[in-house]
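S.K.: no sequence on this one, just coordinates:
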């Protein structure tokens with residue numbers, strides 16, 4: 001055995017590199033050159049053989065040469081020395097001696113060898129199948145999915161050949177179904193094959209669709225219905241109360257919208273219900289969409305005052321829309337700058353018209369006499385208030401003069417008043433005594 005060397009030499013391109021590796025990895029399309037360096041004698045034959053009954057391989061010589069290698073060359077290779085004579089250092093004529101054993105691993109990028117989808121046009125509740133043969137080495141990451149919706153039917157992290165049967169198809173299954181994936185040699189780029197699936201179905205809203213939207217007076221707003229349907233349906237908007245549609249309609253393949261923009265913002269009359277009808281040859285769908293108010297109530301207007309006294313004033317105003325949230329009013333006193341204080345507690349709006357064009361009258365008590373006031377009325381709901389009404393000013397009246405203990409009259413006046421009062425009382429008493437005596441004298445005369 002000392003006459004046989006077990007060192008292998010690998011040639012990469014034009015450079016010969018000595019290596020003791022037992023495994024050689026190549027990418028499909030590369031070349032492989034491995035030299036088994038054994039002492040060659042006239043009666044010793046050296047050759048390479050592959051341990052693979054499915055792909056038999058034998059190459060004579062000390063060099064294992066494989067150009068433009070492909071995945072079928074992966075496997076175990078043995079360098080043999082065959083004794084052609086009865087030499088003493090070999091066991092017997094025709095016996096093989098193993099010189100070296102190596103493993104060749106051929107890698108290749110991800111690829112799809114087969115993809116099929118069928119049938120491609122079906123009625124809703126029918127079934128369809130998808131097949132994909134995905135191969136890669138090293139192992140790939142791949143999936144079968146609807147590229148439009150993101151719905152995945154399966155995923156795997158090894159090469160494989162799969163055929164999947166769908167359950168009853170839904171309209172939402174329509175779209176581009178693909179088999180897609182990658183491995184380390186794909187350099188971040190998926191390999192993909194796919195086909196479109198068409199599902200014939202009546203119109204209906206998508207899952208999670210909202211039917212109530214909020215808007216504010218003077219602001220843009222949008223009411224949107226997202227739907228699923230094929231063929232695409234006819235869309236008809238209307239108002240159930242017969243009011244005109246003062247809004248733009250925008251239609252897309254899978255949605256329809258009512259749009260109020262900056263040039264046509266929301267008005268009070270726009271709040272309420274809207275009816276949308278979707279119709280194709282497979283069915284009809286009707287829904288009620290709602291635009292509800294959201295925001296601060298409208299500022300009170302047409303503020304007037306009357307019946308100004310020394311302690312009170314009557315205030316009258318007209319209210320606006322409460323934006324769907326019960327409002328209350330506060331009469332405020334304004335000072336210089338941004339300072340203000342409330343003159344009343346909450347005055348609640350219990351009307352059934354949400355305050356629209358309602359007239360309110362309230363008596364503000366507890367004012368100071370002969371005092372200047374600058375007042376305004378505020379409408380407030382749970383979200384806050386928009387602003388103060390146009391202010392109005394007035395001055396309370398002075399109160400009537402009464403006895404003032406801090407400024408008493410002089411003593412002379414008091415004595416005069418008392419003496420005068422006594423004289424008047426005495427005079428009245430004298431008159432009464434005279435009248436009684438006169439009546440007695442007259443009665444006595446008549447008896448005589």
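M.R.: Yep, that arrived. Remember, predicted model here, so these are calculated numbers, not experimental data.
S.K.: mind pulling up the pLDDT for residue 416?
M.R.: Looking at residue 416, its pLDDT is 59.
S.K.: what sits against the closest residue to residue 123 other than its chain neighbours?
M.R.: Leaving out its chain neighbours, the residue that sits closest to residue 123 by Cβ to Cβ, 6 or more residues apart in numbering is residue 200, at 5.1 Å. In short, each C-beta sits where N, CA and C put it, glycine included. Counting by Cβ atoms under 8 Å, 6 or more residues apart in numbering, residue 200 makes contact with 121-124, 230-231, 282.
S.K.: which other helices and strands contact the helix or strand containing residue 378?
M.R.: Following DSSP states H and E, one finds residue 378 within strand 372-381. Contacts defined by 3 or more Cβ pairs under 8 Å, 6 or more residues apart in numbering; DSSP states H and E place strand 372-381 against strand 301-306, strand 313-318, strand 328-334, strand 384-388, strand 392-395.
S.K.: hang on, the earlier thing: filter the contacts of residue 200 down to the buried ones, ChimeraX style.
M.R.: The command below creates a ChimeraX selection of those among the contacts of residue 200 that count as buried (16 or more other Cβ atoms under 10 Å):
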select :122,124,230,282
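S.K.: which of the contacts of residue 200 fall within strands?
M.R.: 121-123, 230 (DSSP state E).
S.K.: the lengthiest strand in the chain pairs with which strands?
M.R.: Longest strand of the chain, by residue count under DSSP E: strand 96-118. According to DSSP bridges, strand 96-118 forms sheet pairs with strand 23-27 (parallel), strand 75-83 (antiparallel), strand 129-137 (antiparallel).
S.K.: for those strands, give me JSON lines that also has mean pLDDT and distance to residue 184.
M.R.: Shown next, in JSON lines, are the strands paired with strand 96-118 (pLDDT from 0 to 100; distance: least, Cβ to Cβ, whole Å):
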{"stretch": "strand 23-27", "mean pLDDT": "96", "distance to residue 184": "11"}
{"stretch": "strand 75-83", "mean pLDDT": "90", "distance to residue 184": "21"}
{"stretch": "strand 129-137", "mean pLDDT": "97", "distance to residue 184": "9"}
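S.K.: relative to residue 49, which of these is closest?
M.R.: strand 75-83 (5.6 Å; Cβ to Cβ).
S.K.: give the buried residues for the closest one.
M.R.: Those would be 75, 77-83, for strand 75-83 by 16+ other Cβ under 10 Å.
S.K.: cool, stretch 292-301 as well?
M.R.: Neighbour-count burial for stretch 292-301 [16+ other Cβ under 10 Å]: 293-300.
S.K.: need these in JSON lines with secondary structure and distance to residue 166, can you?
M.R.: Formatted as JSON lines, the buried residues of stretch 292-301 follow (DSSP: H, G, I helix; E, B strand; the rest coil; distance: Cβ to Cβ, whole Å):
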{"residue": "293", "secondary structure": "strand", "distance to residue 166": "45"}
{"residue": "294", "secondary structure": "coil", "distance to residue 166": "43"}
{"residue": "295", "secondary structure": "coil", "distance to residue 166": "47"}
{"residue": "296", "secondary structure": "coil", "distance to residue 166": "52"}
{"residue": "297", "secondary structure": "coil", "distance to residue 166": "54"}
{"residue": "298", "secondary structure": "coil", "distance to residue 166": "55"}
{"residue": "299", "secondary structure": "coil", "distance to residue 166": "59"}
{"residue": "300", "secondary structure": "coil", "distance to residue 166": "62"}
